[in-house]
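**Q** Provided below are the primary sequence and the corresponding predicted coordinates.
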Amino acid sequence: MSTLLLITIFLPAVGAAFLAAMTEAGHKVVRGVALTFSLGTLIAAGYLTWQYTELPMAAAEDASSTATASERENFAGVDYPWFESEDSKVSIHFSLGLDGLGLWMFALSALLVVVCVLVSWEAIRDRAAGFYSLLLLLEMGMLGVFAARDLLLFYVFFEFTLFPLFFLIGVWGSEERRYAAIKFFLFTFAGSVLTLLGLITIAIASSASGELTFSIPQIMANLKAAPMSAELQFWVFLALFAGFAVKVPLFPFHTWLPLAHVQAPTAGSVLLAGVMLKMGTYGFVRFSLPMLPDATVTCMPWILWLSVIGIIYGALVALAQRDIKRLIAYSSVSHLGFCMLGIFALNRLGLEGGVLQMVNHGISTGGLFAIVGMIYERYHTRQIAELGGLAKRTPWLAFFMLVMTFSSIGLPGLNGFAGEFLLLTGMFQRGWYGGASSAEFLTIAVLAVSGVVFGAWYMLSLVRRVFFGPLKEPMLHDGEPEVKDLSVREIASLTPLAVCAVLIGLFPGFFLDQMRGTLNDLSAPAMAKYEAHRDGEAPEVVQAASNMQSQPLIERQ
Amino acid sequence: MSSLHTWMLLIPALPLFAAIVTVALGPKFLKSKSHLPTVVCLAGSFVCSAILLWQVYSNCDDDGVPGGLSSFEEFFDVWTWAAVPDAMTQASPEAGAAQDGSANSSSFDFVINVTLRTDPLSAIMLTMVTFVATLVAMYSIGYMHDEPGYWRFFTYVSLFVFSMTMLVSVSNFALLYVFWEAVGVCSYLLIGFWYKKPEASAAGMKAFLVNRVGDFGFAIGIFLIWTTLGTLNFHDIEVDGVVTQPGVFGDQVIRDGGYQSFPAATTGVLTAICLLLFVGACGKSAQWPLHVWLPDAMEGPTPVSALIHAATMVTAGVYMVARCTPLFVASGTAPVVVACIGAFTAIMAGFIAITQTDLKRILAYSTVSQLGYMFLALGTASLAGVVGGMFHLFTHAFFKACLFLGAGSVMHAMGGVIDIRHFGGLRKLMPVTHITFLLGCLALAGVVPFAGFWSKDLVLSAVYDASHGDPATATTFTVLYWVAWTAALFTAFYTFRAFFRTFYGEEKIPEEAGHHAHESPKTMTIPLMVLGFLALAIGASEHWFVEFLGHTPSLSMERIRPAEEHGFNWTVAITGSVVAVLGIGAAAFMYLRSPGTVSSLTSTMKAAWLYQLSYGKLFFDQLYNIFIVWPLRILAHILYVLDILLVDGLVNLCGWIPRTFGAVLRPMQIGLVQFYALAMVLGLLVLIGILLR
């Protein structure tokens, strides 16, 4: 398995190198090669995911199960020393492995890259080899982020994703691509420089014994034994926040997002929304919750407020948009607000819902951006006012648009509902048993639920204006063929997303069960701190967080 | 029992299967035969429902527990939707002194199983839904023929029936919410079936959004149930015969007659839960203030109006409140609110219906009004009230479907025109439609012995009892009692106004109908005749219905049962007949005998602004637009401008600082070596100066 994990992550890099050597080849050859490599990666990633789900669930308080527990925490683990000082006091490892948190994002990244190759099939003809090469490099970075088990390795992959996307936007984007690319790069980079500082501080502060380790499991163990001081945690939290909050993006750090989305080529938008934003939420769950529990609890109300403002603000601003892509970009701000809300509700329902919602948003918004790309390819416009009644002309496109819209607005039976329902229940529970902050948290929860109403509003009015009503199409240029419905290739690119949306919608339990062990471990310190921190009155509710062991599903039927 | 499970599964499975087959084969192979899977599967589903009903009924009889407290329910898990173990821990009330919270607090698993249940309430709903759906599907063969998207129509209808049967079969609030929204989507898709019509797609969106506002309350209500009761299941969960997690309407609650075993469930919280759930019911069942979507929903094809927006989906709210009777009874004040909103909606919608000129919209407001009656009955929080409300739901499904399909038949013949000002005197042209519509009208107006009479009688008897019952609420219910009679008078009047204007008077046919205005084909008239017959006869099932429904677990709590049975309430029955005759007589006088009175009365009402209020639907749409929709839109644009100017402006400012700083310093780099040398010397001097100081 370990080899397979390495292959999965580096196969795209091989493909990228291969493509880089093919600059002379036409786009038809190039895209075939890119599809082959991305499909190969998807198959490998899919096999890994499948194998992971086959692992036995760790049984609670069962000594003999430690082996299986660590298997679920470090599946297909790879560990090579990467840099070690001579006295081996400082060690940086090239350490990769899958766990419940990274698993679904890992699989989703591999899936979305295939979708990206398919949606770029006709659109990218100019310098195609470079385009696909960068796309595959980006894939390597994304897969690496979700599998890294070493702080610095994580950071390397995290930053590495910026470069390919910078060029994808800057070279293959729309009119204002350069400005957008630079803004995207500087904004996110400025944040993540501080993140690096924070990560290094964590490593130094956790390895007090003189040995400097960057291994994430090691750091978690060390910090559990000897936590950092609350003050230091706070500053480190802020440093991490700088990078992750921009990435998410949390209100008010979101302004790079609409610009980058609008200017990016379709594939760039799909990956940006589908995967890149989740690196921010992923970072919070991976580092802030387990390593900085005190600071997490201190900052939680602020983050909840920013999230809920983002939910409503993003939704309202989306309502005012005239450009489809910009509308969906603002909807991302709103949706990521939901993810953050769930994660920082600091209870099991919220966290599991929030992490599931990360995957859900990748599917639905990835799909929506792909659909916008297809509209743009046909009509060369993204202006809502110039389009209308497309359901008549392109029924398949309308069908997928409806599915993705329903998924995005959290319609039951599709994936969005599962995540939203869980995380809102979690947030409400946090509010109901919030002690002194009860009223504040309940307000947040209720406001967040109202975001669901606004979400339906802007998405359905988008669908109504673009797909329903009398047919309205921009003037075609001379000699242009009449617009056709989706081709087989396009249907093939959207179908897997729709299938995933339905599967997660019908069986969210399966997806949650795979994450649970890891999430419980990661969130335990922060949840325990929260319970301890919450005002002096006797705890009415103890989130069963002090329990460090992952527990199996209790069957009570 | 296992055969029971088979029927329970088959009832929703068949429509789902039909939907899948139609979507797969419809566009390419079935084409104009796309109705086949739907009609066959819905009929099969109805047969299964009938068998299920019979089986449940025989099980109820077998119980034979004295005192009428027996109840029957059966449920089984299909799969686990999601399960989060130890999601919440509540402290036990006596745990205050404990130092370690976990020792004496109880932990709750958030487990949501896809559980199908059946009991008398579900079985009745299932039978009614599948029966009406089958007839409507048959009717649609004629009504929708030659429509582009014929297969699409039947796919949506099948999908709707699947969702609706699931809605009444699930045994969990989360899944109730799932299918609650699912029927909403089917409604959205069907209202917007003619998506090219801007009004249709706008109406679909409005329906969805208004429902979402209702669901906002519903969702918070569900969250509150979870945090208070630690479960979302209706039923108790047992392990080896021991109840590990009592359900919201489980045996334990029924036995206790309330929520004493749940420490967190205080009366205040229960009231909050009930009111929040009722917000959801208001959305789905079009009660004031969320009633505005239903009249617009008439943009959809008429069979859809009959099935979804009259007989089945809009009654989901009533079903839900009936299902939640134990919660409402325990809350005390919430039922009164339900009754008030219901009565107000009944009279308000009746008032609006009087002056409307669109036949389907008249019927839509009438639906809103009748749903108000149902809530009024449920609001009495007594067995008689809940059963009466449910019986009204039951009979209303048949006679209102009959009326809508009749209106559809008229619309079909009139070439799509539905404004009663443009046609008239159709009784000779469309004899079957005329007679069946008359049957429906008589039932709706509540004339003996038509179905509506019996159910309205039950509703008003229950309100009558409530007005002579608990002194705390007696006055309120006395007022509501008279409000309800006024609404009944309106009902009789507007129903027959529509009837007389459509079928009597001078024969008038709009141009759109062309020269081929004719009675509808057999596939349309047969469902009409069946429903017309039921509008006449279904009232006969009253005794059986009341008896049977009482076996529902939710309704078998001792505390909602009357201390003593009293016989038929003659006061209510006679008042009802008088009111119906009065209303019909007034309509007959005005529209048959002396049409002159209409215009003179209209001008009197216009002077008092009553006419404008009624005709303008009390201007709710305009009010909502001015006070909610537009301000939000304006806010959205303001925020967008702020986003660009302020938020992004700050970001750009941050980007501007280093650049400006650089620009200030840049002139120094002029490339003159002498300047650099000078700067170096000056710098050194300053440095030395500082060091030597």
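**A** Done, it's in. Residues are numbered from 1 along each chain as shown, chains lettered A, B, ... in the order given.
**Q** hey, let's count contacts and neighbours off CA atoms from now on
**A** Fine.
**Q** show me where the stretch 101-250 of chain B has its strands.
**A** Taking DSSP state E, counting those that start in this stretch, the strands of the stretch 101-250 of chain B run over residues B:105-118, B:237-239, B:242-245.
**Q** pull up the pairing partners for the last one, direction included.
**A** This means strand B:242-245. strand B:237-239 (antiparallel) (DSSP bridges).
**Q** average pLDDT for the strand it pairs with?
**A** Strand B:237-239 carries an average pLDDT of 82.
**Q** how about stretch B:658-672?
**A** Taken as a whole, stretch B:658-672 carries a mean pLDDT of 77.
**Q** run the chain-centre distance for that stretch.
**A** For stretch B:658-672, the separation from the chain centroid amounts to 69 Å (computed by C-alpha atoms, centre = their mean, to the nearest Å).
**Q** end to end, how far does that stretch reach?
**A** 24 Å (C-alpha to C-alpha, to the nearest Å).
**Q** touching chain A at all, that stretch?
**A** No: residues of stretch B:658-672 are not located near chain A by C-alpha under 8 Å from any C-alpha of the partner chain, the shortest gap being 12.4 Å.
**Q** identify each buried residue in stretch B:639-646, please.
**A** B:639-640, B:643 (16 or more other C-alpha atoms under 10 Å in any protein chain shown).
**Q** just the closest of these to chain A, please.
**A** Closest approach to chain A among the buried residues of stretch B:639-646 (C-alpha to the nearest C-alpha): residue B:640, at 5.2 Å.
**Q** okay but residue B:201 is in contact with residue A:468, surely?
**A** Yes: counting by C-alpha atoms under 8 Å, residue B:201 touches residue A:468, with 6.5 Å between them.
**Q** what about the closest residue to chain B within the stretch 351-500 of chain A, which helix or strand?
**A** Closest to chain B within the stretch 351-500 of chain A is residue A:469: 4.0 Å, counting by C-alpha to the nearest C-alpha. Using DSSP states H and E, no element contains residue A:469; it sits outside every helix and strand.
**Q** which is the next helix or strand following the helix or strand hosting residue A:105?
**A** According to DSSP H and E, residue A:105 maps onto helix A:100-119. Counting by DSSP H and E, the element after helix A:100-119 in chain order, helix or strand, is helix A:128-147.
**Q** which bits of the stretch 51-200 of chain B sit near chain A?
**A** Going by C-alpha under 8 Å from any C-alpha, the residues of the stretch 51-200 of chain B near chain A are B:80-91, B:96, B:101-102, B:105, B:109, B:177-179, B:181-182, B:195-198.
**Q** helix, strand or coil for residue B:415?
**A** coil (DSSP: H, G, I helix; E, B strand; the rest coil).
**Q** with adjacent residues omitted, what lies nearest to it?
**A** residue B:513 (4.2 Å; C-alpha to C-alpha, 6 or more residues apart in numbering or on different chains).
**Q** got the contact list for the one you found?
**A** Contacts for residue B:513 (C-alpha atoms under 8 Å, 6 or more residues apart in numbering or on different chains) come out as B:413-417.
**Q** who's in contact with residue B:322?
**A** Applying C-alpha under 8 Å, 6+ apart, the residues contacting residue B:322 are B:378, B:386, B:390.
**Q** and the helix or strand where the last one lies, average pLDDT?
**A** What it means is residue B:390. Assigned by DSSP H and E, residue B:390 belongs to helix B:383-413. For helix B:383-413, mean pLDDT rounds to 91.
**Q** helix or strand right after that helix?
**A** helix B:431-445.
**Q** may I have that next one as CSV, with CA atoms only?
**A** Extracted C-alpha coordinates of helix B:431-445, given in CSV (Å, rounded to 0.1, in the frame of the first residue of the first chain):
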residue,chain,number,x,y,z
PRO,B,431,-72.7,17.4,-18.9
VAL,B,432,-70.3,15.1,-17.0
THR,B,433,-68.1,17.8,-15.8
HIS,B,434,-71.1,19.8,-14.8
ILE,B,435,-72.6,17.1,-12.6
THR,B,436,-69.3,16.0,-11.0
PHE,B,437,-68.4,19.6,-10.4
LEU,B,438,-71.8,20.1,-8.7
LEU,B,439,-71.2,17.1,-6.5
GLY,B,440,-67.8,18.6,-5.5
CYS,B,441,-69.4,22.0,-4.8
LEU,B,442,-72.1,20.5,-2.7
ALA,B,443,-69.5,18.6,-0.7
LEU,B,444,-67.3,21.7,-0.3
ALA,B,445,-70.3,23.8,0.8
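**Q** quick check: which element contains residue B:519?
**A** Residue B:519 belongs to no helix or strand, assigned by DSSP H and E.
**Q** now do the phi/psi pair for it.
**A** Main-chain torsions, residue B:519, degrees, to the nearest 10: phi -70, psi 150.
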